[in-house]
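Trainee: Okay, structure incoming, though there's no sequence with it:
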DNA sequence: CTACTTGCAAATGCTTTGCAGGAGA
DNA sequence: TCTCCTGCAAAGCATTTGCAAGTAG
């Protein structure tokens, strides 16, 4: 599976005339391993000597290429995860206490409702909705302990 | 309606031992007038001479008191709106191009689905969901023009 | 070789904070 | 009068950028 991701990442980077360097590959590996949106700090923890500016820059490039996606939670830190085309459509559980974010896949019935809502909004307003973002806010097990 | 909001705001501030000063009242008025989440910059535009630090501080106080809520969009600016207890439960249309946010009320059928999902998540995971946040992402009329 | 990448360091810009004067209760 | 609030200025901190050296192709 990881190999597939790397193959897609390499292809998408090439499409925007960027290289799939070891540093960028390591970032993608870290995101695969995490399996949830992680902060820049968490990504850098694996390589403390590496300057964060490079991480920021590479995540920016990967985002442009459509390999990763920026996720906003409730705290002041940006989080990143693999793009949905690579992981499948999903939503997030956001801890309002510590800011941690986990993935979560809602029943397909709900997804159909959401899609229907998008269509109806398109009819009722002059806003053109392309996608949706659904987060459940609450407290994670760690913060409740 | 504005008077009701002010009454509630005053009560909530008193509960946390804070005063409902003219500056804070003006903020609440601006939020009522806006009718959508607005940035600090937009709030300050009405009083250019006022230091933004005061705006930040007062919004912080109002947030603690449960009068306003912080809304995160896709850009780097924080936005604020009146708390849902004052405006009613709703969701947001977020423009991915300019970052503007508008309110939107989904059909009650969808809300029931969302509530059901929250309940099922509570059963399936060790995350305790309290509320949800649904944003439709797309482009606003202005950006499409 | 040529262009993209990286590391380092400095800058940027939103947001927060310290402090002294001013206003509410 | 005592506490909270405001204005001003300076500091914080995540994020961005300039520049020179390194490296992929």
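Mentor: Good, I have the coordinates. All values reported here derive from a predicted model rather than from experimental measurement.

Trainee: Now for residue A:97: which residues touch it?
Mentor: Residue A:97 makes contact with A:139, A:140, A:143, according to Cβ atoms under 8 Å, 6 or more residues apart in numbering or on different chains. In short, each C-beta sits where N, CA and C put it, glycine included.

Trainee: Helix or strand: which one has it?
Mentor: Here residue A:97 sits in a region with no helix or strand, counting by DSSP states H and E.

Trainee: Next one: it relative to residue B:97, how far apart?
Mentor: 33 Å (Cβ to Cβ, to the nearest Å).

Trainee: Any of the contacts of residue A:97 buried? List them.
Mentor: A:139, A:140 (16 or more other Cβ atoms under 10 Å in any protein chain shown).

Trainee: Using CSV, please lay out the contacts of residue A:97 together with distance to residue B:40 and pLDDT.
Mentor: Converted to CSV, the contacts of residue A:97 look like this (distance: Cβ to Cβ, whole Å; pLDDT from 0 to 100):
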residue, distance to residue B:40, pLDDT
A:139, 28, 94
A:140, 30, 93
A:143, 29, 92
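
Trainee: Quick one: residues contacting residue A:89.
Mentor: Contacts of residue A:89 by Cβ under 8 Å, 6+ apart are A:105, A:111.

Trainee: Next: residue A:64.
Mentor: A:16, A:18 are the contacts of residue A:64 under Cβ under 8 Å, 6+ apart.

Trainee: Go again with 10 Å.
Mentor: A:12, A:13, A:16, A:18 (Cβ atoms under 10 Å, 6 or more residues apart in numbering or on different chains).

Trainee: what's the lowest-pLDDT member of those?
Mentor: Among the contacts of residue A:64, residue A:16 carries the lowest pLDDT, at 89.

Trainee: Find the nearest non-adjacent residue to that one, please.
Mentor: Among residues not flanking residue A:16 along the chain, residue A:65 sits closest, at 5.0 Å (Cβ to Cβ, 6 or more residues apart in numbering or on different chains).

Trainee: Quick check: the residue lying farthest from the centre of chain A vs residue B:93, distance?
Mentor: Ranked by distance from the centre of chain A (Cα atoms, centre = their mean), the top residue is residue A:124, with 30.0 Å. Per Cβ to Cβ, residue A:124 is found 11 Å from residue B:93.

Trainee: which residues are common contacts for the two?
Mentor: With Cβ under 10 Å, 6+ apart as the test, residue A:124 and residue B:93 both reach residue B:104.

Trainee: so which of the contacts of residue A:97 also contact chain B?
Mentor: A:139, A:140, A:143 (Cβ under 10 Å from any Cβ of the partner chain).

Trainee: tell me the contacts of the second one?
Mentor: What that stands for is residue A:140. With the criterion set at Cβ under 10 Å, 6+ apart, residue A:140 makes contact with A:93-102, B:125-128.

Trainee: any chance you could map the strands in chain A?
Mentor: Secondary structure of chain A (DSSP state E): strands at A:38-39, A:68-72, A:78-82, A:91-95, A:101-104, A:128-139.

Trainee: picking up where we left off before, hang on, the residue farthest from the centre of chain A packs against residue B:104?
Mentor: Yes: Residue A:124 is within contact range of residue B:104, at 8.9 Å (criterion: Cβ atoms under 10 Å).

Trainee: re the thing from before, TSV for the strands of chain A, including distance to DNA strand D?
Mentor: Converted to TSV, these look like this (distance: least, Cβ to the nearest atom of the strand, whole Å):
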stretch	distance to DNA strand D
strand A:38-39	7
strand A:68-72	9
strand A:78-82	3
strand A:91-95	16
strand A:101-104	13
strand A:128-139	17
